[in-house]
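Q: no sequence for this one, just the structure:
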């Protein structure tokens, strides 16, 4: 059984392999789906697929911003020249300047040499295996720290969700108590109104028939049953943990529909007050569920 996780969190991890040191920072916030933003140093570009896979294994929903920083200690540095890129830029600049600028060659050379990627440096004798090992270690540590934080916040969310569900169940029970004797109260109300108009000459059968029709129109037993069932299902989902956020949102929509129907079918003031309270609680639950993974 997994734990409920908040979509909000932060994690940081560091690791070293050989002379390579890597720091990974990952931050997550609310989002309906999984949205990744990964920033890698150029030297680690080939490992982006690895990073994406590891993040998707750890996170199912939320906006994820992940940054990787890489450092190499000591050793020698080698300069790398991209001759093809240099020649392409040089030819393009000379072609633009042409015969109009006497010093075109000198300007083109200066411009081409200053462009990113034409000349670059890298640490010598650093193997790809060191880069991958350091990145794996830092990424694992960052995702573990993130998960711990998200689960701590998720537990606080779960407590609030269950507290609000407890209150909803009390309001549902109160509505059941009020509508339980609906037919008897309808008969008394109709009888009192008829007697006020025509005196004591009242047909009991007619009053019973009118009361039955009124009670049938205002019957909310099915809606109350479904509302209670949805509440129970919601508790079960939350107890299971794991990624339940979107299913929770769906159940809350269904609970809202049942509550609206109860409110439209009953005119009792006490029931109306309970319906208003349930709607307020459902809105609070929606806000909380929006941060559940």
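A: Nice, I can see it. Since the structure is predicted, the reported quantities are computational estimates derived from the model, not experimental observations.
Q: can you show me the strands along this structure?
A: 9-17, 20-29, 34-39, 62-72, 77-81, 119-123 (DSSP state E).
Q: quick one: closest of those to residue 144.
A: Checking the strands of the chain against residue 144 by CB to CB gives strand 9-17 as the closest, at 7.0 Å. Where you see a C-beta, it was placed from the backbone N, CA and C, and this is true even at glycine.
Q: so can I have CSV of the strands of the chain showing distance to residue 134?
A: Shown next, in CSV, are those (distance: least, CB to CB, whole Å):
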stretch, distance to residue 134
strand 9-17, 4
strand 20-29, 4
strand 34-39, 16
strand 62-72, 8
strand 77-81, 18
strand 119-123, 13
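Q: kindly compare burial across those and name the winner.
A: Highest mean neighbour count among the strands of the chain (mean count of other CB atoms under 10 Å): strand 20-29, with a mean of 22.
Q: what pairs with that one, parallel or antiparallel?
A: Applying DSSP bridges, strand 20-29 is found paired with strand 9-17 (antiparallel), strand 62-72 (antiparallel).
Q: rewinding a little: can you list the strands of the chain in a markdown table and add distance to residue 233 and mean pLDDT?
A: Below are the strands of the chain laid out as a markdown table (distance: least, CB to CB, whole Å; pLDDT from 0 to 100):
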| stretch | distance to residue 233 | mean pLDDT |
| --- | --- | --- |
| strand 9-17 | 27 | 95 |
| strand 20-29 | 27 | 95 |
| strand 34-39 | 25 | 95 |
| strand 62-72 | 24 | 93 |
| strand 77-81 | 60 | 69 |
| strand 119-123 | 57 | 65 |
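Q: so for residue 51, which of the ones you listed sits nearest?
A: strand 34-39 (5.6 Å).
Q: quick one on the thing from earlier: which one of the strands of the chain lies closest to residue 147?
A: strand 9-17 (7.4 Å).
Q: average pLDDT for the helix ranked longest in the chain?
A: Counting by DSSP state H, the longest helix found in the chain is helix 128-179. Averaging pLDDT along helix 128-179 yields 92.
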